[in-house]
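Peer 1: model this:
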Amino acid sequence: MNHLSFSSSLPHAMLWLLLVMLCFPVSLSTYLIYKNCSEARFECGNISIGYPFFGGHRIPECGHPGLELHCHHSNTTTFEMVGVRYRVMDIHPDRRTLRIAREDLFKNGFCRPHSPIRDSVIDYELLDLGPAPPPAPGYTNATLFYDCPPSSSSSLGFFPCNSSSYNNVSVTTGNIRLDGCLASLTFPIFQAYWTGFSGNPSLPLVLGVAMKTGFQVKWKEDTSACLKCNASGGACGFNISDGQTFCYCPHLSQNLLEYRYPNECRRQAPMILSVNDPRYTNCRTMLSCGSVANIGYPFWGMNRSSYCGRPGFELKCEDDVAKIMMNENTLRVLNINPEQQILKVAREDYWNGYCPRELIDTAIDFNQFDYSPNLRNLTLFYGCYLPATSTFIFLTNCSINGTLMDVSYSTRNVLSDPRPRVCRRNVLIPVYEAAAQDLEVNPMTMGQALRGGFELQWELDNDECRRCRDSDGVCGYNQTSNSFICFCKYQPGETTCLPATASSLTPLRLAHSEVQMFIAVAANWICCMPASDCLLISLSSQ
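Peer 2: Model (predicted):
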């Protein structure tokens, strides 16, 4: 048998790549699908998600056809269900839930629904109504009726519509129907809002909050199949023909059609080519920015890819200052203690004083963090125009978006005082207990209290990450199964790195791009000629 050797120069590489693509286009395209499904995530605003969703940089093979996400210029995420577009407020992969709100009602209010009007209908083949947050017991349907005859009476409310295609709207809950109306629209709301509707003079306001809060749905995709696929080193996708989770695999096989399997990736015989896992190399890099240095899992960002940390733990470095986003807040990172799992932050918009551009409450991500116990709420009141009291201390006035407002504050419970109800805006900011005590007697300590920040705690299983590190692995996050993963030098493990085997050792390391991997596969395992005429082709490592 003849042995042909050639260098890995670009002309040769392109020639053999063309040969491989002509002979085996299916196998190469399947490998590229694996690469996309294993590495790409849908990223938009505060949404970061993998399987079973696709959209953005994730190709359709990586998700369920009914779970395509769209990212808009305003960094908002939407998806469509039974002909209605919904805004995605948040996604919780660990609970398989997403909170959604009708995009037309969210943007335009209840007087300007999208035409043609459609009810909110759950696609129960794909989704279920998710759990309502406590203490609400569940959901009920709210129905908006447009331009009903005067004889119709709403059980909850009737009010006019201005600058709209409709003159008025009536609202009911449950299965109550009104006759003779021009149009109607039904959508789920949390049960807690239903109790606040009846006889409430602020019905339009309550209804607006209910529409923007939205409702939760839970996807039915088989997570056990995806977990099995990921545990075998594969990436989850979706097989449209049989409606099942599909497993795309990274390894090189004698039969290149075996890049994908129904459930998991098969173990292969020792191969001539193996490449170090780039995720292992990337996640060994630590984060450093300003006073924050040598930070690893569960944080990511900057020079660490998203699979090196958990969703909600992305750090950004701006002007040598580390920052983290939580909901609408940009928080300046003052310190991180990985062992005690404490993150010390301060409101970036209040770093230079109490007159920010916008008045936004502090809202942390309670799915990942909680407040430390040694804090107290500082409440800043804007535009109250009420006299000072022993509870409320005045500061100098502020200009907020061109509007001059008086500013007062309190560090005590003020539920019995009318001020919170008549002020233009109230903003809550946590401060340390010692800082709150100083503010009670000296308003000049306000800047110090705001820059002192507050502590947040996160709760993760440190033991599994420690076991991973002890086995010479690096801790990471499986973005497909949304679970911990241990990245190893050659292939990942669930919690630890296994001892190297013949199939994981690297007899030949290539310094060029993945084009050479395709060439090596074709040259060593496949031939377009009859078997008797096949050549054994070996790559030189130059």
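Peer 1: Tell me which stretches of the stretch 401-542 of the chain form strands.
Peer 2: Counting by DSSP state E, counting those that start in this stretch, one finds strands in the stretch 401-542 of the chain at the ranges 403-410, 425-432, 454-458, 474-478, 483-487, 536-539.
Peer 1: among these, which is nearest S288?
Peer 2: Closest to S288 of the strands of the stretch 401-542 of the chain is strand 474-478 (Cβ to Cβ; 16.5 Å). (Each C-beta comes from the backbone N, C-alpha and C, glycine too.)
Peer 1: And the closest one, what does it pack against?
Peer 2: With contacts taken as 3 or more Cβ pairs under 8 Å, 6 or more residues apart in numbering; DSSP states H and E, strand 474-478 sits against helix 278-283, helix 462-470, strand 483-487.
Peer 1: gap between the two ends of stretch 439-458?
Peer 2: End-to-end distance for stretch 439-458: 28 Å, by Cα to Cα, to the nearest Å.
Peer 1: now do stretch 319-336
Peer 2: OK, stretch 319-336 end separation, Cα to Cα: 18 Å.
Peer 1: Offset the numbering so it begins at 59, please.
Peer 2: Okay, residue one is now 59; in that scheme the one you just asked about reads as stretch 377-394.
Peer 1: now that stretch, how far from the centre of its chain.
Peer 2: How far stretch 377-394 lies from its chain's middle: 17 Å, per Cα atoms, centre = their mean, to the nearest Å.
Peer 1: The helices and strands packed on strand 532-536 into a markdown table, with extra columns for mean pLDDT?
Peer 2: Shown next, in a markdown table, are those (pLDDT from 0 to 100):
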| stretch | mean pLDDT |
| --- | --- |
| helix 336-341 | 87 |
| helix 520-528 | 87 |
| strand 541-545 | 88 |
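Peer 1: Out of the ones you listed, indicate the one that is most buried.
Peer 2: Ranked by mean neighbour count, these are led by strand 541-545 with a mean of 22 (mean count of other Cβ atoms under 10 Å).
Peer 1: can you give me the strands in the stretch 159-308 of the chain?
Peer 2: Along the stretch 159-308 of the chain, counting by DSSP E, counting those that start in this stretch, strands occupy 185-187, 197-204, 215-218, 226-231, 241-248, 273-277, 293-297, 302-306.
Peer 1: mind checking which of the ones you listed is nearest G370?
Peer 2: strand 273-277 (17.9 Å).
Peer 1: quick one on the thing from earlier: nearest to I247, of the strands of the stretch 459-600 of the chain?
Peer 2: Using Cβ to Cβ as the measure, strand 483-490 is the one of the strands of the stretch 459-600 of the chain that comes nearest I247, at 25.5 Å.
Peer 1: what does that closest one contact?
Peer 2: With Cβ atoms under 8 Å, 6 or more residues apart in numbering as the test, strand 483-490 has contacts from 405, 408, 417-420, 429, 432-441, 469, 478, 497, 507-508, 510, 512.
Peer 1: So which bits of it are buried?
Peer 2: 484-485, 487-490 (16 or more other Cβ atoms under 10 Å).
Peer 1: Reformat these as TSV; add pLDDT and distance to L401.
Peer 2: Below are the buried residues of strand 483-490 laid out as TSV (pLDDT from 0 to 100; distance: Cβ to Cβ, whole Å):
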residue	pLDDT	distance to L401
N484	85	25
V485	90	21
I487	93	16
P488	93	13
V489	95	16
Y490	96	15
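Peer 1: now for these, which pair is the farthest apart?
Peer 2: For the buried residues of strand 483-490, the farthest-apart pair by Cβ to Cβ is N484 and Y490; their separation is 20.4 Å.
Peer 1: Which of the strands of the stretch 159-308 of the chain comes out lowest on mean pLDDT?
Peer 2: Of all the strands of the stretch 159-308 of the chain, the minimum mean pLDDT falls on strand 215-218 (a mean of 77).
Peer 1: That strand: which residues count as buried?
Peer 2: For strand 215-218, a neighbour-count test (16+ other Cβ under 10 Å) marks 215-216 as buried.
Peer 1: strands paired with that strand, and their directions?
Peer 2: strand 226-231 (antiparallel) (DSSP bridges).
Peer 1: The partner strand relative to strand 241-248, how many degrees between them?
Peer 2: Interaxial angle of strand 226-231 relative to strand 241-248 (axes from the mean of the first three to the mean of the last three Cα atoms, to 10 degrees): 40 degrees.
Peer 1: Compute the distance from the centre of strand 226-231 to the centre of its chain.
Peer 2: 35 Å.
Peer 1: Output that strand as PDB - backbone C-alpha positions only.
Peer 2: These are the backbone C-alpha positions of strand 226-231, laid out as PDB (Å, rounded to 0.1, in the frame of the first residue of the first chain):
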ATOM      1  CA  ASN A 226     -64.000  52.100  25.500                       C
ATOM      2  CA  VAL A 227     -62.900  48.900  27.100                       C
ATOM      3  CA  SER A 228     -64.500  46.700  29.800                       C
ATOM      4  CA  VAL A 229     -62.700  44.100  31.800                       C
ATOM      5  CA  THR A 230     -63.800  40.800  33.400                       C
ATOM      6  CA  THR A 231     -62.100  37.800  34.900                       C
END
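Peer 1: okay, the angle between that strand and strand 197-204?
Peer 2: 160 degrees.
Peer 1: Report the buried residues of strand 226-231.
Peer 2: For strand 226-231, a neighbour-count test (16+ other Cβ under 10 Å) marks 226-231 as buried.
Peer 1: which among the contacts of strand 483-490 end up buried?
Peer 2: For the contacts of strand 483-490, a neighbour count by 16+ other Cβ under 10 Å gives the buried set as 405, 408, 417-418, 420, 433-441, 469, 497, 507-508, 510, 512.
Peer 1: Please report the distance of G108 from C120.
Peer 2: Plainly put, G108 is 8 Å away from C120 if you go by Cβ to Cβ, to the nearest Å.
Peer 1: shared neighbours of those two, which are they?
Peer 2: Going by Cβ under 8 Å, 6+ apart, residues that sit against G108 and also against C120 are 95, 294.
Peer 1: Run a quick neighbour tally on the residue nearest to F450 when sequence neighbours are not counted.
Peer 2: Counting by Cβ to Cβ, 6 or more residues apart in numbering, F450 lies nearest to S466, which is 4.5 Å off, once chain neighbours are set aside. Residues near S466, counting by other Cβ atoms under 10 Å, number 21.
Peer 1: Who does S466 form a beta bridge with?
Peer 2: With DSSP bridges applied, S466 shows beta-bridge pairing to F439, F452.
Peer 1: My guess is it contacts G441. True?
Peer 2: No. Using Cβ atoms under 8 Å, S466 is not in contact with G441; the gap is 10.1 Å.
Peer 1: hang on, the earlier thing: among the strands of the stretch 459-600 of the chain, which is nearest R160?
Peer 2: Of all those, the one in closest proximity to R160, counting by Cβ to Cβ, is strand 483-490 (26.8 Å).
Peer 1: before we move on, back to that, reformat the helices and strands packed on strand 532-536 into a markdown table and put distance to D177 next to each item.
Peer 2: Listed next are the helices and strands packed on strand 532-536 as a markdown table, based on distance: least, Cβ to Cβ, whole Å:
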| stretch | distance to D177 |
| --- | --- |
| helix 336-341 | 45 |
| helix 520-528 | 45 |
| strand 541-545 | 36 |
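Peer 1: Out of the ones you listed, the one nearest F217 is which?
Peer 2: Closest among the helices and strands packed on strand 532-536, using Cβ to Cβ: strand 541-545, at 48.1 Å.
Peer 1: per-domain residue ranges of this structure.
Peer 2: 61-94+572-597, 131-277, 279-319, 369-516 (automatic domain parsing).
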